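Novice: mind folding the following:
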Amino acid sequence: MTQAETTTNVAPTGSERIGLGLVEFIVTVALMTASVSLAIDSMLPALPNIGEALGVPTANDTQLVIGVFFLGFGLAQLVFGSLSDTYGRRNILLGGLVFYVITMFAAAWTGSFTVLLALRFAQGVGAAAVRITTMAMVRDCFGGREMARVMSFVMIVFMIVPIVAPALGQLIITFASWPWIFILLGSAGAILFLWAFMRMRESLPLSERLPLSTRSVLSGFRTVLTNRVTCGYMLGMTLFTGVICAYVMSVQQVFGEVFGLGEWLPLAFAASAGGIAVANFANGFFVRRFGMRRISHAAMILFTIIALGGLAVSLARPPSFVVTYLLISTLLIMFAVIATNFTAISLEPMGHLAGTATAITGFVSTTGGALVGGAVGQMFDGTTRPLFAGFAIFGVLTIAAVLWAEKGILFTHPGDDPQLDPAAMHG
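Specialist: Okay, here's the model as predicted:
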């Protein structure tokens, strides 16, 4: 038994469980999960350069550099969730970081677009291990509104990366070639590995681990998939993953081609990401008072109304950049509040199955979101209509999924109102 796996008679609580103070825990988890965002957003300014250097026939095909990463990221989560419930979070985290670093450095030396896409898929696999284990660690250490609060503060640090990542990518391609982006990402991953190896302990005690067998895995899947709340919010997370996938895959073309921002793209992207960070800070402040459902349900409805308004404007006449940017930025603020709280709500009933639950919800939401978001991205026709149409459809379907999960009752929950029947949270 390693020191990281040693258990004591008095179980530590909160972030103490992995040997970190609360602030260090939040920053560490945020940087781990931010590596995923960095691997996506830093590529945006380089997509035209990659397409030209590797002979990609159409501009829409360069979106696959983003899309296949999302796909690998989603598919691999199923595997790592069960593995982390059996072997612990720390071991899977360290292994995922090693794989992520190796595939990043390999991508820097490829001369084939097909090989690059294969490596991007592999990078998504490594990033999935990081995401699954860090989110499971949050669930191991916190629960309920406290978990939502911690996740909101994690997202504040996390969103610093999208603010600077495109500018960093632009800086690199201005003074060097695009492969240096992968060298930078690999180096950052190596630093994260060393930090995790030296500082983080295991968050899942041996007594709470599940045996790795077909029966235990299927039992865990059945527990997750038969919980009405988890499934309903998982569907909502899938649709809102589609929102962010569609945006990230289309943003370079929408802002770059439709509005001709060119080198100003990183600044525009950073400002919208800053709005997301502010939204998560506000969510962390207010979620204890108002609850996850009141906040996320209100944001979900506002998102849908604004998206429908954006679609109506874009169908009537091409909106100006200012109007489009304000609409999209507001929608992304709503997205931030929804995604953070939906994740916490979906995991709340799962207890010690956090790894498996995170894996299944992550697999469905990321893979499904990548597919539907990618479909919206591929519909780019030189206007903003496909993007707003996709957002509106995702919003309407999310409202339907949440209504099913909550049996038609919005803004409240048995845990928020003791007069309601606790059985309402299960299907």
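Novice: rest of the way, CA atoms for contacts and neighbours
Specialist: Will do.
Novice: burial measure for the closest residue to residue 392 other than its chain neighbours, as a count.
Specialist: Distance criterion CA to CA, 6 or more residues apart in numbering; nearest residue to residue 392, sequence neighbours excluded, is residue 307 at 4.8 Å. Residues within reach of residue 307, counting by other CA atoms under 10 Å, total 26.
Novice: host element of residue 307?
Specialist: helix 292-316 (DSSP states H and E).
Novice: residue 344 too?
Specialist: helix 321-347.
Novice: from the chain's centroid, how far away is whichever helix or strand comes after that helix?
Specialist: Where DSSP H and E defines the elements, the next helix or strand beyond helix 321-347 is helix 354-378. With CA atoms, centre = their mean, to the nearest Å as the basis, helix 354-378 stands 9 Å off its chain's centre.
Novice: what's helix 354-378 packed up against?
Specialist: helix 64-75, helix 77-87, helix 113-141, helix 214-225, helix 228-253, helix 321-347, helix 385-405 (3 or more CA pairs under 8 Å, 6 or more residues apart in numbering; DSSP states H and E).
Novice: orientation of it relative to helix 321-347 in degrees?
Specialist: Here the directions of helix 354-378 and helix 321-347 differ by 160 degrees (axes from the mean of the first three to the mean of the last three CA atoms, to 10 degrees).
Novice: what angle do helix 292-316 and the helix holding residue 344 make with each other?
Specialist: Counting by the same axes, to 10 degrees, helix 321-347 lies at 150 degrees to helix 292-316.
Novice: buried ones in helix 321-347?
Specialist: Burial within helix 321-347, assessed by neighbour count using 16 or more other CA atoms under 10 Å, is assigned to 324-325, 327-347.
Novice: just to revisit the earlier point, roughly how far does the residue nearest to residue 392 sit from residue 396?
Specialist: 10 Å (CA to CA, to the nearest Å).
Novice: ok, now residue 185?
Specialist: Distance check for residue 185 against residue 396: by CA to CA, it reads 37 Å.
Novice: swap in residue 366?
Specialist: According to CA to CA, residue 366 and residue 396 sit 19 Å apart.
Novice: same check, this time on residue 279
Specialist: Applying CA to CA to residue 279 and residue 396 gives a distance of 22 Å.
Novice: equivalent analysis for residue 327, please.
Specialist: For residue 327 relative to residue 396 (CA to CA), the value is 17 Å.
Novice: repeat that for residue 356.
Specialist: 28 Å.
Novice: tell me which of the two has more neighbours.
Specialist: Relative neighbour count places residue 356 above the other of residue 356 and residue 396, with 29 against 18, counting by other CA under 10 Å.
Novice: once you drop chain neighbours, what's closest to that one?
Specialist: Spatial nearest neighbour of residue 356, excluding adjacent residues (CA to CA, 6+ apart): residue 81 at 4.5 Å.
Novice: now for that neighbour, how many residues are close by?
Specialist: Residues contacting residue 81 under the criterion other CA under 10 Å number 31.
Novice: just the pLDDT for it.
Specialist: Residue 81 carries a pLDDT score of 78 in this model.
Novice: so it touches residue 362, yeah?
Specialist: No. When contacts are counted by CA atoms under 8 Å, residue 81 is not listed as touching residue 362 (9.2 Å).
Novice: what is in contact with the two at once?
Specialist: Residues within reach of residue 81 and of residue 362 at once, by CA atoms under 8 Å, 6 or more residues apart in numbering, are residue 132.
Novice: dump the residue contacts of residue 403.
Specialist: 409-410.
Novice: in the protein, what helix or strand scores lowest on average pLDDT?
Specialist: Taking mean pLDDT, DSSP states H and E as the measure, the chain has helix 144-158 as its least confident helix or strand, at a mean of 71.
Novice: what is the neighbour count of the nearest residue to residue 308 once chain neighbours are set aside?
Specialist: Leaving aside its chain neighbours, residue 308 sits nearest to residue 392 (5.3 Å; criterion: CA to CA, 6+ apart). Residues contacting residue 392 under the criterion other CA under 10 Å number 22.
Novice: what sits against residue 392?
Specialist: 304-305, 307-308, 311.
Novice: do you know how far it is from residue 398?
Specialist: Distance, residue 392 to residue 398, by CA to CA: 10 Å.
Novice: same deal with residue 36?
Specialist: 25 Å.
Novice: any idea of the pLDDT on residue 6?
Specialist: Note on residue 6: pLDDT of 43.
Novice: could you find the closest non-adjacent residue to residue 398?
Specialist: Using CA to CA, 6+ apart, the nearest residue to residue 398 is residue 236, at 4.8 Å.
Novice: helix/strand/coil for residue 203?
Specialist: coil (DSSP: H, G, I helix; E, B strand; the rest coil).
Novice: my guess is it contacts residue 139. True?
Specialist: No. Assessed by CA under 8 Å, residue 203 is found out of contact with residue 139, at 9.5 Å.
Novice: just the angle for the helix holding residue 344 relative to helix 385-405, thanks.
Specialist: Using the same axes, to 10 degrees: helix 321-347 against helix 385-405 is 30 degrees.
Novice: show me what contacts residue 124?
Specialist: Per CA under 8 Å, 6+ apart, neighbours of residue 124: 36, 68-74, 76, 100.
Novice: one more: residue 252?
Specialist: With CA under 8 Å, 6+ apart, residue 252 has these contacts: 44-45, 265.
Novice: 10 Å instead, please
Specialist: 44-48, 63, 258, 260-262, 265-266, 269 (CA atoms under 10 Å, 6 or more residues apart in numbering).
Novice: out of these, which are buried?
Specialist: Among the contacts of residue 252, those buried by neighbour count (16+ other CA under 10 Å) are 44-48, 63, 258, 261, 265-266, 269.
Novice: which of these fall in helices?
Specialist: Members of these lying in helices (criterion: DSSP state H): 47-48, 265-266, 269.
Novice: quick check: of these, which lies closest to residue 95?
Specialist: residue 47 (28.9 Å; CA to CA).
Novice: what's the neighbour count on residue 408?
Specialist: 10.
Novice: okay, it: pLDDT?
Specialist: 86.
Novice: once you drop chain neighbours, what's closest to it?
Specialist: residue 402 (8.0 Å).
Novice: residue 83 and residue 91 touch, don't they?
Specialist: Yes. Using CA atoms under 10 Å, residue 83 is in contact with residue 91, at 9.4 Å.
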